[in-house]
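# got a sequence here, can you model it:
(one chain, ligands or ions: 3)
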Amino acid sequence: MLRGVVAEAGELLRSGYFRRKQVEFKGVIDLVTEYDRRIEEFLSQRLASLGLPIVGEESFEGEIPPSAIFIDPIDGTTNFVHQIPFCAISVAIWRDGLPVEGVVYNPITAEMFYAKRGEGALCNGEPIGVSQTDRLIEALIATGFPYAKIERGSEYHFVLRALERLLPVTRDIRRLGSAALDLCYVAAGRFDGFYEIGLKPWDTAAGLLIVQEAGGVVTNHLGEPYRFGDVIVASNGKIGNNLIELLAKG
Ligand code: IPD
Ligand code: CA
Ligand code: CA
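Ligands and ions are numbered 1, 2, ... in the order given. Next up is the predicted model:
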């Protein structure tokens, strides 16, 4: 049911992608379009029958409940506005603090990533798994930059320090612009690892389950179990400790 509803919402994203859009500003560089709002509204209505609170990026305020539907209507809004085809709808169902089902759908590249707890991870219906890379110098690592970077505060400094440590010792670093897809690319073995500071629950709620179900590991930068609000570190499990060693220095 979840995949069907997200596929329908994908039509909305696709129809907006090729059009000129009305862009509003949530912050100096934090954009939102009518499509973000319409997709979130559509999904909230269609998923209401599940009887869970909706934690959607464009409408939610308050404490995160342990059981909820997490919605990022467009993860990669900046890409969406600039017509860079790396944006996706991310939806996850959590019960009692655990992810049970997650979908990340990029209707532009026509890839739907999906996982159900205990049942493995899929891309367009085919099983996917993490890479086997065990040397950092052979690893392609993804990351992202928080909007708060413009304040030049602690998150900005974390970004710079992490790059300084990782760039010389990895195959390369990518910043593609959608955390949900970054996680799915780790799950599919395209990236060997991913880390980012300052992500919100709707960015990671689906992708982290997809990584875990694909055989990967998700922690914070200290190697502890990841909780919303932490720096997220996702990997194939083989390079995770090396990544954490470099990121834990702060
Ligand atoms: C953003 C993307 C981006 C990440 C930002 C997120 P949005 O989400 O996931 O890759 O670096 O931190 O906020 O705003 O496009 O939904
Ligand atoms: Ca997002
Ligand atoms: Ca978003």
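
# which residues does residue 140 contact?
Residue 140 sits next to 170-172, 174, 190-192 when contact means C-beta atoms under 8 Å, 6 or more residues apart in numbering. (Glycine included, C-beta is placed from N, CA and C.)

# which among these count as buried?
By neighbour count, with 16 or more other C-beta atoms under 10 Å, the contacts of residue 140 hold 170, 190-192 as buried.

# what is the burial count for residue 189?
17 (other C-beta atoms under 10 Å).

# how about the secondary structure of it?
Put simply, residue 189 is coil when judged by DSSP: H, G, I helix; E, B strand; the rest coil.

# for the nearest residue to it once chain neighbours are set aside, give its distance to residue 122.
Distances taken as C-beta to C-beta, 6 or more residues apart in numbering put residue 131 closest to residue 189, at 4.0 Å, once the chain neighbours are dropped. When C-beta to C-beta, to the nearest Å is the yardstick, residue 131 and residue 122 sit 17 Å from each other.

# try residue 231
Applying C-beta to C-beta to residue 231 and residue 122 gives a distance of 28 Å.

# pLDDT and distance to residue 37 added to the buried ones among the contacts of residue 140, as TSV?
Below are the buried ones among the contacts of residue 140 laid out as TSV (pLDDT from 0 to 100; distance: C-beta to C-beta, whole Å):
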residue	pLDDT	distance to residue 37
170	98	38
190	98	31
191	98	30
192	98	36
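
# widest-spaced pair of those residues?
170 and 190 (14.6 Å; C-beta to C-beta).

# hang on, the earlier thing: any chance of JSON lines for the contacts of residue 140, columns secondary structure and distance to ligand 2?
Formatted as JSON lines, those follow (DSSP: H, G, I helix; E, B strand; the rest coil; distance: C-beta to the ion, whole Å):
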{"residue": "170", "secondary structure": "coil", "distance to ligand 2": "24"}
{"residue": "171", "secondary structure": "coil", "distance to ligand 2": "26"}
{"residue": "172", "secondary structure": "strand", "distance to ligand 2": "23"}
{"residue": "174", "secondary structure": "strand", "distance to ligand 2": "17"}
{"residue": "190", "secondary structure": "coil", "distance to ligand 2": "19"}
{"residue": "191", "secondary structure": "coil", "distance to ligand 2": "17"}
{"residue": "192", "secondary structure": "coil", "distance to ligand 2": "22"}
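
# quick check: the farthest pair among those?
Top of the distance list for the contacts of residue 140 (C-beta to C-beta): 170 and 190, 14.6 Å.

# residues in contact with residue 190?
131, 140.

# ugh, wrong one, I meant residue 2
Residue 2 neighbours (C-beta under 8 Å, 6+ apart): 47, 91, 93, 101, 103.

# quick check on it: phi, psi?
phi -60, psi -50 (degrees, to the nearest 10).

# how much space separates it from residue 190?
23 Å.

# just to revisit the earlier point, more neighbours: residue 131 and residue 122, which one.
Between residue 131 and residue 122, residue 131 has the larger neighbour count (other C-beta under 10 Å), namely 24 against 21.

# residue 228 is in contact with residue 64, isn't it?
Yes. Applying C-beta atoms under 8 Å as the test, residue 228 and residue 64 come out as touching, 6.1 Å apart.

# that'll do, ta.
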